[in-house]
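> kindly generate the corresponding structure for this input.
(chains A and B)
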Amino acid sequence: MKRARNVPLTLVINLLLVAGLVCMAAPFAWMLSTSFKGTKDIFRYPPQWIPSQPTLGNYTKLFRTVNIARPFANTVITAVSITSLSLLVCSMAGYAFAKFDFPGKNVLFMGVLGTLMVPGQITMIPVFLLLKKLGLLNSYAGLVLPGIASAFGIFFMRQFIVTLPNELLEAARIDGAGEFFTFNRIVLPLCKPALATLGILNFTGSWNNFLWPLIISTDESMYTLPVAVASLAGQYATEYGLQMAGSVIVIMPIVLFFMLAQQWFMEGVAMTGMKG
Amino acid sequence: MQRRTRVAYMFLAPALILMMVFVVVPVAASFVMSLTDFNIRALANWGNAKFIGLGNYVRLFGDELFWKALRNTLYFVGVGVPLAVTLSLALAALLNSPLNRAKDLFRIGYYLPSITETVAIAVVWRWVLNSRYGILKQALEMIGLQCPNWLGDPAWAMPAIIMMAVWKGLGHNALIFLAGLQSIPSTVYEAAQIDGADGWEQFRFITLPLLAPTTFFVGTMTLIGYLQLFAEPYTLTDGGPLDATLSIVLYMYRHGFKFFNLGYASAMAYVLFGLIFAATLLTMRRKGEEVTFG
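Numbering: from 1, shown residues only, chains lettered A, B, ... in the order given. As a prediction, the model looks like this:
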């Protein structure tokens, strides 16, 4: 198609896109704005976009009274552990499925893919009971362990590793490299792009996970951010400034992360879309 | 066992063991549990659970609140999925237009809501929807409409939740559609133009049929996600008002983790599983009929 010069249509399309963008952005701007407002500015109609008396009061209260630093640390620890362990475990399994022939391979692989259809709500109750029995309620292990192995991660890594040239692996073998050396020094470094994409999906996913932490972390000291914010919204139901500050703390790290690593996020979308 | 086989299983072992413990066995275990009256007394001592056959399923059948939750969930899915698919396809078409003057800005802006954590953004939406001080009220009044009491009115609570869910997922789905649109070869359109097809005809008879696999993919994934509706009503309304936004998963969470009727909750989980399974099968069958252009 030639570069179109249809002025009215260009205007309509871009105006529509801008109007939509305003709808997308308004809640974020409203959240930020309210988080810097005192009570007087919050309960004002028509709403005020720029606080007349900006204050950090909501944030200091969030740290002093509600101690949001604890759930923040819990979330970071959980998300980092799940992401790194999951990348290791899934790329190991992906490597086995991609580059080895062994009896039962196809059945196992189909079995792994089959678990994609299982919704988390099915496994939640028995896993809760198991972890309770093991004394792992309100522990990092309880938050992390069920999230490590994922069918999608294994499938994703397998699809990538299968494209690596066999010659490279055989050369290493002929040079007498051990299996784990080959995996560690040859396969993993070549997988960097796939690991980055999957890592971002995992990290965002576990940062944003709500239902499982809600069930396994009943003690305030083990709350993750989403659970803490949910409890905040219940406990301080009318303190909108405090709630918005809480939401900023949950949402903004991922938004900043997204701004920095945009390309990998987009790659992730393309890859998940590819499954169909 | 051959050496290579042993090595392969060594690489597989961590993943397989974890999946066994956290997925495969629990799937079976929760089915068994759904056949028992596992409750808070059994929580202390598993031996207290009695086998009751299909008792939980029979009880579900007569549980009015469960039917309500099922109807609410189907309402959410029935309105939400078509809306989400249509709007994100429309957005993708706009984004894909050669007349779009700020591709990157729009792509990033529209994608942003989909990476946010649901509870945190629902807390924000509760404030957006506030019927006295919210910005939505102001926006509606600017175009001369009255603002309903979104979360306090049983008739408006579910539409509010649908609005938020569609808003949140729009950009993600649009990007998947965008990739689908860009994979349609331009030669097809050129041929149609020579044959005299106008813009709408091209969209209707080329884009839509060739995009069918993507549409089914987006539709199925949205459907599966929407059937599991939980965090939005949990945060926005806690299932209210008058149970108007009680979803299956929220009801299951209440029975399972508020009252510890874990047997009963397992039966609900299996009904949900059945719904998701049926939805997936249905789309897979439809996919078999998809159109292909050589």
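> residue ranges with poor pLDDT in chain B?
B:1, B:286-294 (pLDDT under 70).
> residue of it closest to chain A, please.
Closest residue of chain B to chain A, C-beta to the nearest C-beta: residue B:217 (2.9 Å). The C-beta positions use only the backbone N, C-alpha and C, and glycine is treated the same way.
> surely that residue is in contact with residue B:177?
No. Applying C-beta atoms under 8 Å as the test, residue B:217 and residue B:177 come out as separate, 9.6 Å apart.
> who has more neighbours, those two?
residue B:177 (25 against 21; other C-beta atoms under 10 Å in any protein chain shown).
> just checking, what packs against the host helix or strand of the more buried one?
Element membership for residue B:177, per DSSP states H and E: helix B:154-182. With contacts taken as 3 or more C-beta pairs under 8 Å, 6 or more residues apart in numbering or on different chains; DSSP states H and E, helix B:154-182 sits against helix A:7-35, helix A:262-274, helix B:64-96, helix B:103-111, helix B:118-128, helix B:208-227, helix B:231-236.
> the stretch 51-200 of chain A: helices as residue ranges?
Per DSSP state H, counting those that start in this stretch, the stretch 51-200 of chain A carries helices over the ranges A:57-64, A:69-99, A:105-114, A:120-133, A:140-144, A:151-161, A:166-174, A:179-182, A:188-190, A:192-207.
> show me the residues around residue B:135 that make contact.
Residues in contact with residue B:135, defined by C-beta atoms under 8 Å, 6 or more residues apart in numbering or on different chains, are A:26-27, A:30, A:47, B:128.
> quick one: residue B:267 and residue B:173, what's the gap?
For residue B:267, the distance to residue B:173 equals 32 Å [C-beta to C-beta, to the nearest Å].
> let me fix that: residue A:56
As for residue A:56, its distance to residue B:173 is 37 Å (criterion: C-beta to C-beta).
> how about residue B:207?
Distance, residue B:207 to residue B:173, using C-beta to C-beta: 16 Å.
> equivalent analysis for residue B:229, please.
Residue B:229 is 17 Å from residue B:173, by C-beta to C-beta.
> which one of the two is surrounded by more residues?
Ranked by neighbour count (other C-beta under 10 Å), residue B:229 and residue B:173 place residue B:173 first, with 27 against 24.
> sorry, back to before: got the helices of the stretch 51-200 of chain A as CSV, with mean pLDDT and mean neighbour count columns?
Putting these into CSV (pLDDT from 0 to 100; neighbours: other C-beta atoms under 10 Å in any protein chain shown) gives the following:
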stretch, mean pLDDT, mean neighbour count
helix A:57-64, 93, 16
helix A:69-99, 96, 21
helix A:105-114, 93, 14
helix A:120-133, 94, 21
helix A:140-144, 96, 19
helix A:151-161, 94, 22
helix A:166-174, 86, 13
helix A:179-182, 88, 16
helix A:188-190, 93, 14
helix A:192-207, 92, 20
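> for those, which one sits closest to residue A:227?
helix A:69-99 (7.1 Å; C-beta to C-beta).
> and that closest one, what does it pack onto?
helix A:105-114, helix A:140-144, helix A:151-161, helix A:192-207, helix A:225-235, helix B:3-19.
> can you give me the mean pLDDT across the next helix or strand after the fourth one?
Taking DSSP H and E as the definition, the helix or strand that follows helix A:192-207 towards the C-terminus is helix A:211-216. Throughout helix A:211-216, pLDDT has a mean value of 95.
> helix A:211-216 near chain B at all?
Yes. On the criterion C-beta under 8 Å from any C-beta of the partner chain, helix A:211-216 is in touch with chain B at A:211, A:214-215.
> I'd like those as CSV, with neighbour count appended.
Listed next are the residues of helix A:211-216 next to chain B as CSV, based on neighbours: other C-beta atoms under 10 Å in any protein chain shown:
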residue, neighbour count
A:211, 21
A:214, 21
A:215, 19
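> give me the angle between the helix holding residue B:177 and helix B:118-128.
Orientation check (axes from the mean of the first three to the mean of the last three C-alpha atoms, to 10 degrees): helix B:154-182 against helix B:118-128 gives 120 degrees.
> may I see the buried residues of the next helix or strand after helix B:154-182?
The helix or strand immediately downstream of helix B:154-182 is helix B:186-194, counting by DSSP H and E. Buried residues in helix B:186-194, counted by 16 or more other C-beta atoms under 10 Å in any protein chain shown: residue B:189.
> what's the angle between helix B:186-194 and helix B:208-227?
120 degrees.
> who touches the helix or strand following helix B:186-194?
Using DSSP H and E, the helix or strand that directly follows helix B:186-194 along the chain is helix B:199-202. Residues from elsewhere that reach helix B:199-202 (C-beta under 8 Å, 6+ apart): B:189, B:192-193.
> filter those residues down to the ones near chain A?
Restricting the contacts of helix B:199-202 to those within reach of chain A (C-beta under 8 Å from any C-beta) leaves residue B:189.
> and the helices and strands packed on helix B:154-182: which comes nearest residue A:250?
With C-beta to C-beta as the criterion, residue A:250 lies closest to helix B:118-128 of those, at 3.9 Å.
> only alpha carbons, please: show the closest one as PDB.
Extracted in PDB, the C-alpha atoms of helix B:118-128 (Å, rounded to 0.1, in the frame of the first residue of the first chain):
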ATOM      1  CA  THR B 118      -5.100  -7.100  39.500                       C
ATOM      2  CA  VAL B 119      -5.800  -6.300  43.100                       C
ATOM      3  CA  ALA B 120      -3.800  -3.100  43.100                       C
ATOM      4  CA  ILE B 121      -5.400  -1.900  39.900                       C
ATOM      5  CA  ALA B 122      -8.900  -2.900  41.200                       C
ATOM      6  CA  VAL B 123      -8.200  -0.800  44.300                       C
ATOM      7  CA  VAL B 124      -7.500   2.100  41.900                       C
ATOM      8  CA  TRP B 125     -10.700   1.300  39.900                       C
ATOM      9  CA  ARG B 126     -12.800   1.300  43.100                       C
ATOM     10  CA  TRP B 127     -11.700   4.900  43.500                       C
ATOM     11  CA  VAL B 128     -12.200   5.700  39.800                       C
END
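> which positions within the helix or strand just after it qualify as buried?
Later in the chain than helix B:118-128, the nearest helix or strand by DSSP H and E is helix B:135-142. Neighbour counts using 16+ other C-beta under 10 Å place B:135-137 of helix B:135-142 among the buried residues.
> swap in stretch A:247-255?
Counting neighbours by 16+ other C-beta under 10 Å, one finds that the buried residues in stretch A:247-255 are A:247-251, A:253-254.
> need these in a markdown table (columns: pLDDT and secondary structure).
Output for these, formatted as a markdown table (pLDDT from 0 to 100; DSSP: H, G, I helix; E, B strand; the rest coil):
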| residue | pLDDT | secondary structure |
| --- | --- | --- |
| A:247 | 95 | helix |
| A:248 | 96 | helix |
| A:249 | 95 | helix |
| A:250 | 95 | helix |
| A:251 | 94 | helix |
| A:253 | 92 | helix |
| A:254 | 93 | helix |
